[in-house]
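Visitor: Build me a model from this:
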Amino acid sequence: MIEARRLWHRVAELSDDPLLGLKVGSTLPPQAMNIVGLIAMHSPTVEEVGINTAAYQGLVSNSGYYASAVGANGVNITYEAQDAPLARHPMQVDSILAATILVLRHCGLSDFAPDLVRVTGTARNKLSDYERFFGCPIEMGSPHPGYTLSHAKLAIKLPNADAALLAYLKAHADALLAAQMTLDEISLAVRAAITARAHRPVTLNVIADDLGLGLRTLQRRLADAGTSFRTLYDDARMEDAARLLRQTTLSPGEIADRLGYSELSSFSRAFYGRYGVRPHKVRNNTKEKGR
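Guide: Have a look, this model is predicted:
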């Protein structure tokens, strides 16, 4: 999530194209959704596409999720970004909105259009570009990006739906999710053991003892999960740093000392390397929101 957000912020620094998010999302290849895209293509209706995509989105991204609310005229679907020290860039959200509609069009509904789309883009001179792609009225600069879909559009049947293939794909996706959760379990256990020690300096040996595992067994299981003790320890300290910056009045220097950094500069570099933003900027943003 953080790496993707850092990339979008960097791209925004290099490009002044207000339509970049729309352009990226509207040209995303179906392969980018992996098995989730295939599940969408073989779902029976537009509504089922939404349900299945929400169920398996963890196999594609952890940056955010869609939340829906049923109204008299249909369903309002809002994209909610996961909270993190580095905020999602508006262009990234618009790319996700465009990519979602593109998936439906890849499903055989080449002219599919929502009833309304709420985008984060504010360049009103580009309104026609948004209308041209989405094929419906656009609400620009919305703090609640997403779509409105009528019940009739939710009931539209997909021409390429295949119940047997869908069942196979969902079974495979369930297995992938289960494997992902299994790999996450050891990481979560190590993180919990680190947190239990209040982020005091600890070693892999100490955590292995806390979990009742042999040192080499723990090393092997972490490697199988695609991570390491050092990575988890650093992540734990950085997440604690972000929480302290947002929820306490401790200065960056005091936080650095609490987390075991010998110098504020070392803490600042580590925090910037993780989130792409300096600690004092997170603290200043927190103060501004509290006013």
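
Visitor: The residue lying closest to Met41 once chain neighbours are set aside and Ile194, how far apart?
Guide: Counting by Cβ to Cβ, 6 or more residues apart in numbering, Met41 lies nearest to Cys107, which is 4.8 Å off, once chain neighbours are set aside. (Each C-beta comes from the backbone N, C-alpha and C, glycine too.) Counting by Cβ to Cβ, to the nearest Å, the separation of Cys107 from Ile194 is 44 Å.

Visitor: what does Lys23 give?
Guide: 42 Å.

Visitor: Met140 too?
Guide: From Met140 to Ile194 the distance is 44 Å (Cβ to Cβ).

Visitor: More neighbours: which of the two?
Guide: Each of Met140 and Ile194 has its neighbours counted (other Cβ atoms under 10 Å); Ile194 has more, 22 against 15.

Visitor: pLDDT below threshold where in the protein?
Guide: Residues of the chain that meet the criterion pLDDT under 70 lie in 1-2, 85, 181-183, 198-201, 285-291.

Visitor: all helices for it, in order.
Guide: Taking DSSP state H as the criterion, the chain contains helices spanning 2-14, 20-26, 34-41, 46-56, 90-106, 127-134, 151-154, 163-196, 204-211, 215-224, 229-247, 252-258, 264-275, 279-289.

Visitor: which residues touch the fourth one?
Guide: When contacts are defined by Cβ atoms under 8 Å, 6 or more residues apart in numbering, helix 46-56 is touched by residues 35-36, 39-40, 43, 65-66, 68, 77, 100, 103-104, 107, 109, 112, 149, 153-156, 158, 170, 173, 177.

Visitor: Could you pick out the buried ones from those residues?
Guide: Among those, those scoring as buried are 36, 39-40, 43, 66, 68, 77, 100, 103-104, 107, 109, 112, 149, 153-154, 156, 158, 170, 173 (criterion: 16 or more other Cβ atoms under 10 Å).

Visitor: My read is that Pro18 contacts Arg124, right?
Guide: No - look at Pro18 against Arg124 with Cβ atoms under 8 Å: they stay out of range, at 9.9 Å.

Visitor: neighbour-wise, which of these two wins?
Guide: Legend: neighbour count by other Cβ under 10 Å for Pro18 and Arg124, higher for Pro18 (17 against 12).

Visitor: Excluding covalently adjacent residues, which one is nearest to that one?
Guide: Ala123 is the one closest to Pro18 (Cβ to Cβ, 6+ apart), at 3.8 Å.
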